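S.K.: Turn this into a model:
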Amino acid sequence: MSVKSFSPQPNDEEKIIDSALRPRQWDHYIGQERIKKNLKVMINAAKERKESPDHILLYGPAGLGKTTLALLIAQDSNTNIKITSGPVIERAGDLVAILTNLNEGDILFIDECHRLNRFVEEYLYSAMEDFKMNLILGKGPLAQSLDLKIPRFTLIGATTRLDLMSSPLRSRFGAVFQLNYYEQKELEEIIKRSAKLLNVEIEKDAIEEIAKRSRCTPRIANKLLKRVRDFAQIEGQGKITKDIADKSLNFLEIDKMGLEIADRKILETIINKFNGGPAGLQALSAATSEEKNAILDIYEPYLIQLGLIKRTHKGRNVTKLAYDHLGIKCSKEQEKLL
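M.R.: A predicted model of the protein is given here:
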């Protein structure tokens, strides 16, 4: 299997380490068991028919392993994968260049496919269904239509915002899978495996502590492990103990529930400026100086997952758990509204 990227990727140490931690086999990919089973059935069935697997759409919050799944599908299918992202494909010509460079049976992985240009997206429809593109050459009376055949390929799309994808594009995927947040035990297994690959000694209690603060997300678990490793190298002779993990994560201002400064700011703003809610997205964005998309894509999903805020048709309300976690006393009037 060869991997080619159509978007520039910085070749720094962090990228190299992230690549080293990425699972290379199905057995090393921890979690998402239902999705893995379904994908294996799809791939094996396609192999028996000597066909390419159907187009696949993976959606869910960032950092749950969508790209890794795409790479494993390509490896299991014994084919090449070419990687790009929605914002990179700006014009129809960009899409034509990518598709015509594919070989029969290749996999095209488009990350953040909800950000595809709508005009470009329309050219993708016929490519996915009929493996051809209808191009218009020239303008006015001299314009000519050209049907361009392209090799049969499998498109794997990944998105963090399924609601922003157009219905015509979404309906052209033969299989749609939602990746869910990870359980504590799954994150512990991921951290244990990553620590072994990084050749760093780590105590069981330290693994549990890092997992608790990893926002139920493998990418964040690996990121925190690398930061804690730095502290252990300077202050703990290289071994990650419970004490080192606790001190380093507190220094990074990541609390026991995995909340960062911005998360706590959002909760405190809803409590102090909006009397516990409801707070509309526009107002909350202005009050916290956070981008609306950042609130929707990064902070809010995890806060809802933890049960710290709840969304209503009027806006966002904090819960009693949020008051308790922040150590803020809830008045009787506010408690009635929760």
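
S.K.: In this structure, where is pLDDT below threshold?
M.R.: Residues of the chain that meet the criterion pLDDT under 70 lie in 1-18, 136-146, 331-338.

S.K.: How is the spatially most central residue of the chain assigned, secondary-structure-wise?
M.R.: Residue closest to the average C-alpha location in the chain (Cα atoms, centre = their mean): Ala62, at 2.1 Å. Under DSSP: H, G, I helix; E, B strand; the rest coil, Ala62 falls in the coil class.

S.K.: again, but for Leu148
M.R.: Leu148 ends up strand, using three-state DSSP.

S.K.: follow-up on the earlier one: return the distance of the residue nearest to the centre of the chain relative to Lys223.
M.R.: Ala62 is 12 Å from Lys223, where distance means Cβ to Cβ, to the nearest Å. The C-beta positions use only the backbone N, C-alpha and C, and glycine is treated the same way.

S.K.: And stretch 231-247, end to end?
M.R.: With Cα to Cα, to the nearest Å as the measure, stretch 231-247 spans 9 Å from end to end.

S.K.: buried ones in it?
M.R.: Neighbour-count burial for stretch 231-247, with 16 or more other Cβ atoms under 10 Å as criterion, is recorded at Phe231, Ala232, Gly236, Ile240, Thr241, Lys242, Ile244, Ala245, Asp246.

S.K.: Among those, name the ones in strands.
M.R.: Under the assignment DSSP state E, the buried residues of stretch 231-247 contribute nothing to strands.

S.K.: Export the residues you listed to CSV and append columns for distance to Glu121.
M.R.: Shown next, in CSV, are the buried residues of stretch 231-247 (distance: Cβ to Cβ, whole Å):
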residue, distance to Glu121
Phe231, 46
Ala232, 47
Gly236, 51
Ile240, 46
Thr241, 51
Lys242, 50
Ile244, 49
Ala245, 45
Asp246, 48
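
S.K.: Just name the closest of these to Glu48, please.
M.R.: The closest of the buried residues of stretch 231-247 to Glu48 turns out to be Ile240 (Cβ to Cβ; 46.1 Å).

S.K.: Ramachandran angles for the residue nearest to the closest one when sequence neighbours are not counted?
M.R.: Distance criterion Cβ to Cβ, 6 or more residues apart in numbering; nearest residue to Ile240, sequence neighbours excluded, is Ile202 at 4.1 Å. Torsion angles at Ile202 (phi, psi; degrees, to the nearest 10) stand at phi -140, psi 140.

S.K.: Touching, Ile202 and Lys192? I think so.
M.R.: Yes: in this structure, Ile202 is within contact of Lys192 by Cβ atoms under 8 Å, at 7.5 Å.

S.K.: more neighbours, the two?
M.R.: Taking neighbours as other Cβ atoms under 10 Å, Ile202 and Lys192 compare with Ile202 leading, 24 against 15.

S.K.: Check the gap between the more buried one and Arg213 for me.
M.R.: Going from Ile202 to Arg213 by Cβ to Cβ gives 14 Å.

S.K.: Please list all residues in contact with the residue lying closest to Leu58 once chain neighbours are set aside.
M.R.: Closest residue to Leu58 apart from its sequence neighbours, by Cβ to Cβ, 6+ apart: Lys66 at 4.4 Å. Lys66 makes contacts with Leu58, Tyr59, Gly60, Asp111, Ala158, Leu179, as judged by Cβ atoms under 8 Å, 6 or more residues apart in numbering.

S.K.: quick one, phi psi at Lys66?
M.R.: Main-chain dihedrals, Lys66, degrees, to the nearest 10: phi -70, psi -50.

S.K.: now, among the contacts of Lys66, which is nearest to Leu135?
M.R.: Closest approach to Leu135 among those (Cβ to Cβ): Asp111, at 25.3 Å.

S.K.: Now do the contacts for the residue lying closest to the closest one once chain neighbours are set aside.
M.R.: Spatially, and ignoring its direct neighbours in sequence, Asp111 is nearest to Ser85 (4.3 Å; Cβ to Cβ, 6+ apart). The contact partners of Ser85, by Cβ under 8 Å, 6+ apart, come to Ser7, Ile110, Asp111, Glu112, Arg115.
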